[in-house]
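> With the sequence up front, the predicted model follows.
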Amino acid sequence: MTHNISDKDIELLIIGKWPYEYQGFSYHIEFKRNFTYELTVKGEKLITQLAMGFLSQQFYGRWYVKDSTVYLIDNQIPNSSLNSDSVVDKISVGRMFSNFFAIQNPDKLEIFSIDKKHMSIKMKTNSYLIIFREK
């Protein structure tokens, strides 16, 4: 939880580009004023780079803040050639492969602290990552 920062303040401060690295992946997430986001994920290891060649590296969606947590919704892999939109099962093959290769597409970011230059997010229990805003 943030210290004395309201959800409205987080909404204002989070707008912008935030690059970071976590568990063998490089992330670049941009939060926009219209409450949409773009997330680019790149693998740093050979196996993840090969997997990313088959999968999209771009994720898009909407975001909102509640209880000092930024929620990412409507996550999609729009550019993957492996996606299937079957009427029968509605299963995304691209999503299955991304889960298999442990591509970390976060669905929420618990904000511990945030200001104009950096934010600290909770990754695991008692584990925080400090992210610096891209200039």
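On my side now, so go ahead. All values derive from a computational prediction rather than experimental measurement.

> Tell me where the model's unsure across the protein.
Applying pLDDT under 70 to the chain flags residues 1-3, 44-56, 74-106.

> can you do 90?
1-5, 21-27, 39-60, 72-109, 112, 122-129, 135 (pLDDT under 90).

> so where do the helices sit in it?
Counting by DSSP state H, the chain has helices at residues 7-13, 46-54, 93-100.

> shouldn't residue 128 be in contact with residue 118?
No - counting by Cβ atoms under 8 Å, residue 128 does not reach residue 118; the two are 11.4 Å apart. Using the backbone N, CA and C atoms, a C-beta is placed for each residue, glycine as well.

> can you give me the strands for the protein?
Remark: strands assigned in the chain by DSSP state E are 16-22, 25-31, 36-43, 58-66, 69-76, 108-114, 118-124, 127-132.

> Pairing partners for the third one, with directions?
Spelled out, that is strand 36-43. With DSSP bridges as the test, strand 36-43 is paired with strand 25-31 (antiparallel), strand 58-66 (antiparallel).

> Deepest in the core, which of those is it.
strand 25-31 (a mean of 18; mean count of other Cβ atoms under 10 Å).

> Next, the angle strand 127-132 makes with it.
60 degrees (axes from the mean of the first three to the mean of the last three Cα atoms, to 10 degrees).
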